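# Sequence and predicted structure are below.
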Amino acid sequence: MAVFDSPQEAFGILRPVCVQLTKTQTIENVEHLQTKLHTIGDSALQDLQEYVLFPLRFTLKTPGSKRESLVQCVVECITFVLSTTCIKKQDLLQELFSELCLCLSSPNSQQPAPVSEELKLAVVQGLHTLMHSAYGDIILSLYQPCTLPHLGFAISLLLTLAEQEKSKQIKTSALKCLQVLLLQCDCQDHPKLLDDTEREQLGDLFASFLPGISTALTRIITGDFKQGHVIIISALKVFYKIIGFVMADEQLEKIPKDKKKPSVECRVAELMVHREANWVKNTGSKLATLIEKIVEFVSVHPHWKARMELIELVQDLLLKCRQSLLNSVGHLLKALVGLVNDENADVQSRCNKVLKTFADQRIVVESRALADILSENLHSLATALPRLMSSQDDQGKYSTLLLLLGYLKLLGPKVNFVLNSVAHLHRLSKALIQVLELDVADVKIVEERRWGPDRLAESSSSLSEPPLYKSKSQRKYFRFFTDERIFLLLRQICQTLGFYGDLYLLVDHFTELYNESVIYRKQAAMILNELIVGAAGIEVEVLHEDKSMAGSEELRQVITSILEEYISQKNWYLVTSKEAEGTMKHSHLQAITSDVHTCHLAPLPSSSELSLTVCSMNSNIWQICIQLEGIGCFAHALGREFRLLLMSALYPVLEKAGDKTLLISQVATSTMIDICHACAYDSPRDLINNNADYLVNEISLNLHQMARSPHTPIVLEIMFQNSDASLLPLIEDVIQDVLFSLDQFHDERAASFLSVLHTVLAALEEQPPPSEAEMNDVCPDVEALLPVQTQIAKDVMERCIHLLSDKDLKTRLKVLDVLELCVTVLQSHENQLLPMIHRVWLPLVHRLTNDDPLAVLRAFKVLCTLGNQCGDFLRNRFSKDILPKLSGSLVTQAPVSAKAGPVYSHTLAFKLQLAVLQGLGSLCKELDLGGGDLNKVADACLIYLSAKQPVKLQEAARSVFLHLMKVDPDTTWFILNELYCPLPYEPPHPSLYPVSLSGMAKPRTEYTDNVLLLLAELQG
């Protein structure tokens, strides 16, 4: 399509169409004109602007009713002209403004005329385009005192459309048009930059409309969620831009006290507002109510973009109007801090960025008024926090704690104004203490016990990974909430307090609460742990760059004081099980007895104090775990400098690593890993080996005071479990102390000492001593001293001889385990081993033949080990003392197992039968038993080849015969064929007698399958 750029050509094209439209106002003529307008260049149309607009304006001003479709078509055509041209005359701008507004006016009502949605949208878009088409200062002609009524009508019209229309498009367009009308457009080139005088005049003008605009926008913003987030965002933008313009502190400071009389009509003059101090105060108070409603509504809006726009509102108003809107500052800050940990990452990031801006510009820190407001809000929130935590659901609690965290972050170093107030600190701390109350009713915590000697190195998957102490923290359950996010928020709150607050004041206060009551102790310990983490700046988000972290010397002093509280006798050695309860009662009595001669009498707790419920024991377990976690936090806070505190911290942690309560043991293990990370040790073994000297010294001292230190053997056990034989030179004397203490306290402490000895011998087994032959090669003419390993094993075995007859079954079982290890360690030193076996033989026989089935089972395992190490030495003893009773027991028990059902395999009798059958064959081979003894074994085991026996017993019986085949295959062949012979054996020569076996010509029996399997193995 051709484009006419010269005014002459354009006039020739447009004149007939304009004349026709002036004569006849129809839709067809308007559309014809608009079609021709598309062929005209912008510069030509600019010259002919008024000429083209005349017939269109004439159509609108023609008296009488007009079809809506015609008006709509005219408005759209005007909009097209305005979009490509500029308005350069004030009169034309004002007239067009009025004419467009009149398209929607209703003569008899304040409401917009009841016209179609299409017309309403066209008029709004026309007004929007008109405002953008005004050239230079021309736009300001609309904003004079004399035009106040017209401007008010347009604002009212747009607000009504935005609030009452159902069409989202009309609502959004009306709000955007209102934003342009108030000269707050987002466009780069519109409006022009205003000078101070113009801003002051416009501010006074817009102040007249501020109550109506803010009230209507508040209704729109707090309306139904269903209207969509786009409308709410647009309304929010208009709200904070108009308030930020009218209530700007920078403007209000320059407003004179006396009002100038405007040169306008009296009625118009009454509408004018003078923004003096009283007006600002009253308006700010009324706006505070509206802002509070908006904040409460939008801060929980489901769409993140609405929450994002709320952040922009807060930033804009706090930067521009924090003096005039002083009553609203609390609500604005509440909105900001409430979104600091929003679920949406973009909102969270933007909120943190705004907070950082405030901190960098020191808006809160340097403003006493804002700091006082924040402090007051913080105090009010802390006062209500316990009530809120017990009445709100988890989402409500989460929102409330977000506010608390945000206040602390925003106050930054100013938080000390709150903390220095006794009342403020008391309320805040009591609130945190109450919220963090643990639920300790879970029975499983007490029930779960540690049985195996788990190594720390096995518990820590890899020390090459970065320390993540948070992820390793044990899951806790709280009385007042279940959402894990709430606990994470509480941790951040405490860390923020530790970073910005007075560390000495906070630690002293919460240590006092820690000692004040057992009810507070766990919560106070959790808070103290996080305070230290925060003071060290670990993962704390810093908003105030000028705040430096606590110095290492200050941290170490504070940590030392907390550590002393944690590991004190009253807070570290708590009853965590019924066994521990008995131990503590006994240790109290022993302590009293041991102190009779030194006049240091310990008070004996009453039975009610020592008799604890499951909840009390759970509480004690959690207290110990929290304190252990705290030691890990302290290590992270100090880093390598924590090595200076290892002399006081490592020994107690090792005690708890060996605790029988599974949870305590696991947390102590994690703490060991934390210490390794912090202090730059490669592994727990490295940590223990590098600190073994003072650990051994502490153990040695405590072994002489077992009444006061009943857990000492555990530390030695853990050391050996996680170290190696290189520790032997240091602990040789300690082992002698253990043996001496075992002699003294074998009735009370035997189990603990035997566990230690078992661990020691297990370590010695991994690095056996040199054999006698190797020692003779080195010094053939000199009687060499026994290696340390050999001497220890010999001394331990000496004690085992005496303890094998102990009245306590658990002790006897532990002794048998230790005895087996002693034999293994001494296997290369027969001159030491054989005399010890001679001495241990008689009590061992008693265990095998006349004891609890559990002890018999364990004793038989020891016997098998003895057979492997010194078979010749035991042959006659075994044949005489053990074999008859062992075979007799197998024969007696066989009918029972043959008739038993599937449940029998879970009984102790079955396990004993199985163990004897599995070990008897190899024992016969190692002892090289003779014919008569082999026959006894075979007779006892034949009945277990029956198909009626449990499958596992049949398999074990076959294994016995497989070993017998290696010792005496002929006899074994004969015994099996006597039971069942599958083949007839013809003599190779007639002169020889025929072979006659009892098993020949027998039908298949219950033994047939197993016999055939064994004979096939023998033939193969």
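Sure thing, it's come through.

# residue ranges of the helices in the stretch 651-800 of the chain, please?
Using DSSP state H, counting those that start in this stretch, the helices of the stretch 651-800 of the chain run over 662-679, 684-690, 692-703, 712-721, 728-744, 750-766, 772-778, 788-803.

# now, of these, which is deepest in the fold?
Ranked by mean neighbour count, those are led by helix 712-721 with a mean of 26 (mean count of other C-beta atoms under 10 Å). C-beta here means a position set from N, CA and C on the backbone, and glycine is covered the same way.

# where does the spatially closest residue to residue 964 that is not a sequence neighbour land on pLDDT?
Once flanking residues are discounted, residue 964 sits nearest to residue 972: 4.7 Å by C-beta to C-beta, 6 or more residues apart in numbering. At residue 972, the model reports a pLDDT of 89.

# Name the helix or strand for residue 972, please.
According to DSSP states H and E, residue 972 maps onto helix 969-979.

# next SSE after that helix?
Under the assignment DSSP H and E, the closest C-terminal helix or strand after helix 969-979 is helix 1008-1019.

# where's that following helix relative to the chain centroid, distance-wise?
62 Å (C-alpha atoms, centre = their mean, to the nearest Å).

# cool, stretch 982-992 as well?
Remark: stretch 982-992 is offset 83 Å from the chain centroid, using C-alpha atoms, centre = their mean.

# can you give me the end-to-end distance of it?
End-to-end distance for stretch 982-992, by C-alpha to C-alpha, to the nearest Å: 21 Å.

# Name the surrounding residues that touch it.
993, 994, 995, 997, 1000, 1001, 1011, 1012, 1015 (C-beta atoms under 8 Å, 6 or more residues apart in numbering).

# one more time with 7 Å
Contact partners of stretch 982-992, identified using C-beta atoms under 7 Å, 6 or more residues apart in numbering, comprise 993, 994, 995, 1000, 1012, 1015.

# So which of the residues you listed is surrounded by the most neighbours?
Highest neighbour count within the contacts of stretch 982-992, by other C-beta atoms under 10 Å: residue 1015, with 19 neighbours.

# Would you mind measuring from that residue to residue 969?
11 Å (C-beta to C-beta, to the nearest Å).

# What of residue 113?
119 Å.

# One more: residue 27?
Distance from residue 27 to residue 969, by C-beta to C-beta: 120 Å.

# what's the burial count for residue 617?
Using other C-beta under 10 Å, the number of residues around residue 617 comes to 22.

# Compute the mean per-residue pLDDT across the helix or strand hosting it, please.
Using DSSP H and E, residue 617 sits within helix 614-638. Mean pLDDT, computed over helix 614-638, is 93.

# Which elements pack onto it?
helix 443-447, helix 469-472, helix 518-535, helix 552-566, helix 646-657, helix 662-679 (3 or more C-beta pairs under 7 Å, 6 or more residues apart in numbering; DSSP states H and E).

# one step back: who has more neighbours, residue 27 and residue 969?
Higher neighbour count among residue 27 and residue 969: residue 27, with 14 against 11, using other C-beta under 10 Å.

# circling back: between the helix holding residue 617 and helix 646-657, how big is the angle?
Helix 614-638 runs at 140 degrees relative to helix 646-657, counting by axes from the mean of the first three to the mean of the last three C-alpha atoms, to 10 degrees.

# Quick check: buried residues in helix 614-638?
Buried positions in helix 614-638, judged by neighbour count with 16 or more other C-beta atoms under 10 Å: 616-638.

# tell me how far whichever strand or helix holds residue 60 is from the chain's mean position?
For residue 60, the enclosing helix or strand under DSSP H and E is helix 49-61. Mean-position distance between helix 49-61 and its chain equals 70 Å (C-alpha atoms, centre = their mean).

# For it, give me every contacting residue.
Contacting residues not belonging to helix 49-61 are listed as 14, 18, 21-22, 25, 37, 45, 71, 74, 77-78, 81, 85, 92, 99, 103 [C-beta under 7 Å, 6+ apart].

# Now the buried members of these.
By 16+ other C-beta under 10 Å, these give 14, 18, 21, 25, 37, 45, 71, 74, 77-78, 81, 85, 92, 99, 103 as buried.

# Show the contacting residues for residue 915.
Counting by C-beta under 7 Å, 6+ apart, residue 915 has contacts 857, 860.

# Then residue 430?
With C-beta under 7 Å, 6+ apart, residue 430 has no contacts at all.

# In which helix or strand does it reside?
According to DSSP H and E, residue 430 maps onto helix 422-435.

# Averaged pLDDT, that helix. What do you get?
Helix 422-435 shows a mean pLDDT of 86.

# mind listing what's buried in it?
For helix 422-435, the neighbour count (16+ other C-beta under 10 Å) marks 424, 425, 427, 428, 429, 430, 431, 432, 433, 434, 435 as buried.

# Any figure for the gap between the closest residue to the last one other than its chain neighbours and residue 479?
In other words, residue 435. Excluding its sequence neighbours, the residue lying closest to residue 435 (C-beta to C-beta, 6+ apart) is residue 389, at 4.7 Å. Residue 389 sits 9 Å away from residue 479, going by C-beta to C-beta.

# if you count what's nearby, which of these two comes out ahead?
Set residue 389 next to residue 479 and count neighbours by other C-beta under 10 Å: residue 389 wins out with 23 against 15.

# that's a helix at the more buried one, yeah?
Yes - applying DSSP: H, G, I helix; E, B strand; the rest coil, one finds residue 389 inside a helix.

# residues contacting it?
Shown in contact with residue 389 (C-beta under 7 Å, 6+ apart): 397, 434, 435, 480.

# Which pLDDT does the model give it?
pLDDT, residue 389: 77.

# One more: residue 121?
For residue 121, the predicted pLDDT is 92.

# Once you drop chain neighbours, what's closest to it?
Among residues not flanking residue 121 along the chain, residue 170 sits closest, at 5.3 Å (C-beta to C-beta, 6+ apart).

# CA atoms of the helix or strand where that neighbour lies as CSV?
Assigned by DSSP H and E, residue 170 falls within helix 168-181. Below are the C-alpha coordinates for helix 168-181, written out as CSV (Å, rounded to 0.1, in the frame of the first residue of the first chain):
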residue,chain,number,x,y,z
LYS,A,168,-9.6,-8.6,33.9
GLN,A,169,-8.4,-6.8,30.8
ILE,A,170,-10.4,-3.7,31.7
LYS,A,171,-9.3,-3.8,35.3
THR,A,172,-5.6,-4.1,34.3
SER,A,173,-5.9,-1.4,31.7
ALA,A,174,-7.7,1.0,34.1
LEU,A,175,-5.0,0.6,36.7
LYS,A,176,-2.2,1.1,34.1
CYS,A,177,-4.0,4.2,32.8
LEU,A,178,-4.4,5.5,36.4
GLN,A,179,-0.6,5.0,36.9
VAL,A,180,0.1,7.1,33.8
LEU,A,181,-2.5,9.7,34.8
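
# Can you give the distance of it from its chain's centre?
Mean-position distance between helix 168-181 and its chain equals 46 Å (C-alpha atoms, centre = their mean).

# Distance from whichever helix or strand comes after it to the middle of the chain?
Helices and strands here follow DSSP H and E; after helix 168-181, the next one along the chain is helix 196-207. Distance of helix 196-207 from the chain centroid (C-alpha atoms, centre = their mean) equals 54 Å.

# that older thread, for the residue nearest to residue 121, the count of nearby residues, please.
Applying other C-beta under 10 Å, we find 20 residues neighbouring residue 170.

# For it, which residues are in contact?
117, 120, 121, 124, 161.
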